[in-house]
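K.L.:
Structure for this input, please:
(one chain, ligands or ions: 2)
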Amino acid sequence: MPDTPPVIEIRDLHKRYGDLEVLKGVDITAHRGDVVSLIGSSGSGKSTLLRCANLLEDSQQGEILFKGEPVHWKGQAGHRRPGDPKQVLRIRTNLSMVFQQFNLWAHMSILQNVMEAPLTVLRRDRAEVEKAARGYLDKVGIGDKCDVYPAQLSGGQQQRAAIARALCMEPEALLFDEPTSALDPELEQEVVKVIKDLAGEGRTMLIVTHDMKLAADVSDHVVFLHRGLIEEEGPPDRLFGAPQSERLRGFLSATH
Ligand code: ADP
Ligand code: MG
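P.N.:
Ligands and ions are numbered 1, 2, ... in the order given. All right, here's what the predicted structure looks like:
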């Protein structure tokens, strides 16, 4: 069987904001079906890495490949940006993001929220999109909330709507940025369950999380970022069960 390229491959990525170098040469690979979790202290660069992968941010150096296809940059080294708008759109819609703060449109019903991007960005057929959207809302357990507005839902329900919205783009991979951090503990679990179900289905996912139990339960691979560099990485059993670096041991004991 021919080797298929990873869905996401990031090589030696460097990213700076002004004089602040936030990513100092980071490599991440997620093959189809892989769940890769990113852990690390606040400010270590986890969100920046996800935003770079999704081409929401420029970067200064390194490669980003989507299914083997390298991102085309334009401009000089140090001032480059993605140069092909069609490629940016293709990659961004295929790496669908779920944010900590849900980011639902307040003036649209839940169903409209889920349908909006497939209709306007992908220009899909309305009847098909509606059918798919209702299906994804059912899947995340809020099929009865199609006609209500985000403010009428709990945080956990809003985040599940945001996950349905990401799924409705039919992406190759889902990128989660602290999907449970804004939630009360009892609502966290309903979102964790959805993420576990998605992992069980073989979805490709990159998950930034402070929830070590979630990372341990769903990940094939865990990456510990420290100040813009990978300090340690490996399968969850080893990373959580036998951490090698002093920093990771310190981080884990502080989060338990
Ligand atoms: P994490 O998600 O791991 O908490 P971030 O990726 O959000 O970390 O941030 C990494 C570093 O980059 C932090 O020092 C943060 O202050 C800085 N940073 C993030 N976004 C910006 C920005 N838009 N402009 C300037 N600095 C930023
Ligand atoms: Mg963050």
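K.L.:
going forward, measure contacts between C-alpha atoms and count neighbours the same way
P.N.:
OK.
K.L.:
Residue 181 and residue 207: what is the separation?
P.N.:
As judged by C-alpha to C-alpha, to the nearest Å, residue 181 and residue 207 stand 12 Å apart.
K.L.:
higher neighbour count, the two?
P.N.:
residue 207 (28 against 15; other C-alpha atoms under 10 Å).
K.L.:
I'd like to know how far that one sits from residue 143.
P.N.:
For residue 207 relative to residue 143 (C-alpha to C-alpha), the value is 25 Å.
K.L.:
and if you look at residue 206?
P.N.:
Applying C-alpha to C-alpha to residue 206 and residue 143 gives a distance of 26 Å.
K.L.:
Those two: which has the busier surroundings?
P.N.:
Between residue 206 and residue 143, residue 206 has the larger neighbour count (other C-alpha under 10 Å), namely 27 against 17.
K.L.:
if you look at the host helix or strand of residue 250, does any of it touch ligand 1?
P.N.:
Using DSSP states H and E, residue 250 sits in helix 246-255. No. Judged by C-alpha under 6 Å from any ligand atom, helix 246-255 and ligand 1 are separated, with a smallest distance of 13.0 Å.
K.L.:
Show me what that helix is packed up against.
P.N.:
strand 229-234 (3 or more C-alpha pairs under 8 Å, 6 or more residues apart in numbering; DSSP states H and E).
K.L.:
what residues are up against the closest residue to residue 162 other than its chain neighbours?
P.N.:
Of all residues not flanking residue 162 in the chain, residue 102 sits nearest, at 5.7 Å (C-alpha to C-alpha, 6 or more residues apart in numbering). Neighbouring residues of residue 102 by C-alpha atoms under 8 Å, 6 or more residues apart in numbering: 158-159, 162, 179.
K.L.:
Just give the nearest non-adjacent residue to residue 66, would you?
P.N.:
residue 8 is the one closest to residue 66 (C-alpha to C-alpha, 6+ apart), at 5.0 Å.
K.L.:
next one: residue 243
P.N.:
residue 249 (6.0 Å).
K.L.:
Likewise for residue 156?
P.N.:
Nearest to residue 156 is residue 187, by C-alpha to C-alpha, 6+ apart, at 5.0 Å.
K.L.:
For the one you found, give its distance to residue 22.
P.N.:
32 Å.
K.L.:
just residue 160 next, same as before
P.N.:
For residue 160, the distance to residue 22 - C-alpha to C-alpha - is 30 Å.
K.L.:
just residue 190 next, same as before
P.N.:
33 Å.
K.L.:
quick revisit: neighbour count winner among residue 160 and residue 22?
P.N.:
residue 160 (26 against 20).
K.L.:
doesn't residue 191 make contact with that one?
P.N.:
Yes. In this structure residue 160 lies within contact range of residue 191 using C-alpha atoms under 8 Å: 6.3 Å.
K.L.:
Touching both of the two, which residues are there?
P.N.:
Counting by C-alpha under 8 Å, 6+ apart, nothing touches both residue 160 and residue 191.
K.L.:
Three-state assignment for residue 118, please.
P.N.:
Of the three states, residue 118 takes helix according to DSSP: H, G, I helix; E, B strand; the rest coil.
K.L.:
which SS class is the residue positioned nearest the centre of the chain?
P.N.:
By C-alpha atoms, centre = their mean, the chain has its centre lying nearest to residue 175, at 1.2 Å. With three-state DSSP as the basis, residue 175 sits in strand.
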